[in-house]
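**Q** quick check, what structure comes out for this input:
(one chain, ligands or ions: 1)
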Amino acid sequence: MQNAAMTQDAPTTRKGPADWYAGGLPHIWLPYAQMKTMTAPLPVARTDGCRIILADGRELIDGIASWWTACHGYNHPHIREALVRQAEVMPHVMFGGLVHEPALHLARRLVALLPGGLERVFFSESGSVAVEIALKMAVQFWRNQGRERTRLVTFRGAYHGDTAGAVALGDPQDSMHGGFKGLPTVHICVDLPTDEPTTEALRDTLERHAETLAGIIVEPLVQGAGGMRFHDAVVLRRLRELADRYDLLLIFDEIFTGFGRTGTMFGCEAAGVVPDIVTLSKALTGGTLPLAATVASRRVFEAFWSDDPRHALTHGPTYMANALACAAANASLDLFAREPRLKQVRAISAQLARGLAPCRGLPRVKEVRVKGAIGVVELDRIDDLDALRGRFIDEGVFVRPFGSVVYLTPAFTIGEEELGALTAAVVKVVGGLSGG
Ligand SMILES: Cc1ncc(COP(=O)(O)O)c(C=O)c1O
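**A** Sure, this is the predicted structure:
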């Protein structure tokens, strides 16, 4: 159904949903959407495992896991029980001057999971904010030592979030934030050092600008929302070497890659590289509540440890370390500890590779690639994104292409049959696109 439900004063009723849909929709503003022309959003009644159940009774197999957060599937009983318990004791208390068990327990567990040296956790409530905090940490790290180094090196194809500071770290040309080109971009955006010429170019940039640079920020192994592009672990080792040589902080934005998505618990683990700062969010709470963490190394933290109050990190979100969210995250980590999630990722990876292989050779397909539990079919272009998304719904699956990619990032708990239905739908829908 096109447009009708999005008009300002004449909401359309759909088959199934109750008044909440027709009455509320005219007052909602949706993300990354041209509200006038977009296809009306689907009313969801509930979720269950890897299924999204619509208000009209239709069930969709979910290929995205809610922007890759719901790694254990929806409504996992262990997380639900932890939430109910925490809600009875204390849903939230401010984190200024106060601390609580779920947050401290979680901080300790995250530090134990991350590679050695990353040991101070600063909580916030979204990935973009975690990136903002990493940026401020990096700048203030130098300022506290009497040095003015305010810019970061970022990479073409990068995406680090939607807030203004995070937007400035994304690719200024080829990204969904191209419309913000006018915003001041104080950072330097270069190609990822994937080969000799790009490594040389990066070295040259560092040679010329190191004095003004605070650090380098990268999404390890996968540039996600910027196009689902993969790179090898060797790139990350190169970045560590260059950061050391030019005395720069290395920041890994693991908001997408953290918690198993690429096959190891964190991307930095696969590379055998320890960054100075890591950002985490998304699957941290198993897709239940917003929570993020910016984790700093001892070296970074020590630059803030001082008798001078001006050396303190100047940040403090109201809902920082929300107790319910921390309880959910602890329950999610229990599941990683007790269930074979990484083994499931390996099985998903193999099945994605098999299931998406028939896309190779289809008229519009440029590349098929798989890393961990991420399957990508890159097309030459997508002319009508809304129509393509609609075709997936008609197939009974929720798959949401963007840019020129069709991708799958399912829950790690997805069954073989459900995953088979997802890959078959991708092959069928992509196969139905006319060439040219
Ligand atoms: C690598 C990366 N960084 C940051 C963000 C922003 O996170 P959020 O949407 O929670 O602000 C995202 C979201 O997709 C991401 O993939």
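
**Q** low pLDDT regions in the stretch 301-436 of the chain?
**A** In the predicted model of the stretch 301-436 of the chain, residues 436 satisfy pLDDT under 70.

**Q** and the closest residue to residue 122 other than its chain neighbours, how close does it get to residue 103?
**A** Excluding its sequence neighbours, the residue lying closest to residue 122 (C-beta to C-beta, 6 or more residues apart in numbering) is residue 294, at 4.6 Å. (Each C-beta comes from the backbone N, C-alpha and C, glycine too.) Separation of residue 294 from residue 103 (C-beta to C-beta, to the nearest Å): 14 Å.

**Q** so residue 240, which state does it fall into?
**A** Secondary structure, DSSP: H, G, I helix; E, B strand; the rest coil: residue 240 is helix.

**Q** pretty sure it is in contact with residue 250, am I right?
**A** Yes. At 5.9 Å, residue 240 counts as touching residue 250 under the criterion of C-beta atoms under 8 Å.

**Q** what do these two both touch?
**A** 273, 275 (C-beta atoms under 8 Å, 6 or more residues apart in numbering).

**Q** these two: which is more packed in?
**A** It is residue 250, of residue 240 and residue 250, that has more neighbours when counted by other C-beta atoms under 10 Å, with 26 against 19.

**Q** ok, that one touching residue 275?
**A** Yes. Counting by C-beta under 8 Å, residue 275 is a contact partner of residue 250 at 4.6 Å.

**Q** which residues do the two both contact?
**A** Between them, residue 250 and residue 275 share these contacting residues under C-beta under 8 Å, 6+ apart: residue 240.

**Q** and residue 337, that one's in a strand?
**A** No. Using three-state DSSP, the assignment for residue 337 is helix, not a strand.

**Q** count of neighbours near it?
**A** For residue 337, using other C-beta under 10 Å, the count is 10.

**Q** next up, the contacts around it.
**A** Contacts of residue 337 by C-beta under 8 Å, 6+ apart: none found.

**Q** rerun that using 10 Å as the cut-off
**A** 109, 113 (C-beta atoms under 10 Å, 6 or more residues apart in numbering).

**Q** and what of residue 139?
**A** By C-beta under 10 Å, 6+ apart, the contact set of residue 139 is 148-152, 214-215, 249.

**Q** likewise for residue 432?
**A** Contacts of residue 432 by C-beta under 10 Å, 6+ apart are 362, 364, 388, 391.

**Q** from the residues you listed, pick the one nearest residue 172.
**A** Taking C-beta to C-beta as the measure, residue 172 sits nearest to residue 388 out of the contacts of residue 432, at 27.0 Å.

**Q** that closest one: which element?
**A** In this assignment (DSSP states H and E), residue 388 forms part of helix 385-394.

**Q** which of residue 294 and residue 103 has more neighbours?
**A** residue 294 (28 against 25).

**Q** adjacent strands (with direction) for the host helix or strand of that one?
**A** Using DSSP H and E, the element containing residue 294 is strand 292-297. Applying DSSP bridges to the sheet, strand 292-297 is found paired with strand 118-124 (antiparallel), strand 277-280 (antiparallel).

**Q** now the residue of the chain at minimum distance from the ligand: how far from residue 69?
**A** With C-beta to the nearest ligand atom, the shortest gap between the chain and the ligand falls at residue 127, namely 2.2 Å. Separation of residue 127 from residue 69 (C-beta to C-beta): 10 Å.

**Q** which parts of this structure are helices?
**A** Per DSSP state H, the chain carries helices over the ranges 19-24, 65-68, 77-89, 101-113, 127-143, 164-167, 196-209, 233-245, 267-271, 298-302, 323-338, 341-356, 385-394, 416-431.

**Q** out of these, deepest packed?
**A** Among the helices of the chain, the stretch with the highest mean neighbour count (mean count of other C-beta atoms under 10 Å) is helix 127-143, at a mean of 24.

**Q** what angle sits between that one and strand 118-124?
**A** Interaxial angle, helix 127-143 versus strand 118-124 (axes from the mean of the first three to the mean of the last three C-alpha atoms, to 10 degrees): 130 degrees.

**Q** could you dump stretch 194-201 to PDB, C-alpha only?
**A** Output in PDB follows, covering the C-alpha atoms of stretch 194-201 (Å, rounded to 0.1, in the frame of the first residue of the first chain):
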ATOM      1  CA  THR A 194      44.000  -2.500   1.700                       C
ATOM      2  CA  ASP A 195      47.000  -2.600  -0.600                       C
ATOM      3  CA  GLU A 196      50.400  -1.000  -1.100                       C
ATOM      4  CA  PRO A 197      49.200   2.300  -2.800                       C
ATOM      5  CA  THR A 198      46.500   3.000  -0.300                       C
ATOM      6  CA  THR A 199      48.900   2.100   2.600                       C
ATOM      7  CA  GLU A 200      51.400   4.500   1.100                       C
ATOM      8  CA  ALA A 201      48.800   7.200   0.800                       C
END
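
**Q** sorry, back to before: between residue 294 and residue 103, which contacts overlap?
**A** 121, 123.

**Q** can you list contacts of the helix holding residue 388?
**A** 1-2, 33-34, 37-39, 42, 54, 58, 60-61, 63, 379, 382, 384, 397-404, 406, 422, 425-426, 428-430, 432-433.

**Q** if we can go back for a sec, out of the helices of the chain, flag the one nearest residue 175.
**A** helix 164-167 (8.7 Å).

**Q** which parts of the stretch 51-200 of the chain sit against the ligand?
**A** Residues of the stretch 51-200 of the chain lying close to the ligand (C-beta under 6 Å from any ligand atom) are 126-128, 131, 159-162.

**Q** rerun that using 8 Å as the cut-off
**A** Proximity of the stretch 51-200 of the chain to the ligand is confined to 67, 126-131, 159-163, 166 under the rule C-beta under 8 Å from any ligand atom.

**Q** the residue nearest to residue 425 when sequence neighbours are not counted: neighbour count?
**A** Counting by C-beta to C-beta, 6+ apart, residue 425 lies nearest to residue 395, which is 4.1 Å off, once chain neighbours are set aside. Counted by other C-beta under 10 Å, the residues lying close to residue 395 total 18.

**Q** and the gap between residue 395 and residue 307?
**A** 63 Å.

**Q** same question, residue 209
**A** Distance of residue 209 to residue 307, given as C-beta to C-beta: 33 Å.

**Q** do the same with residue 340
**A** Distance from residue 340 to residue 307, by C-beta to C-beta: 49 Å.

**Q** how about residue 276?
**A** 24 Å.

**Q** what's the answer for residue 162, then?
**A** 37 Å.

**Q** many thanks, I have nothing further to ask.
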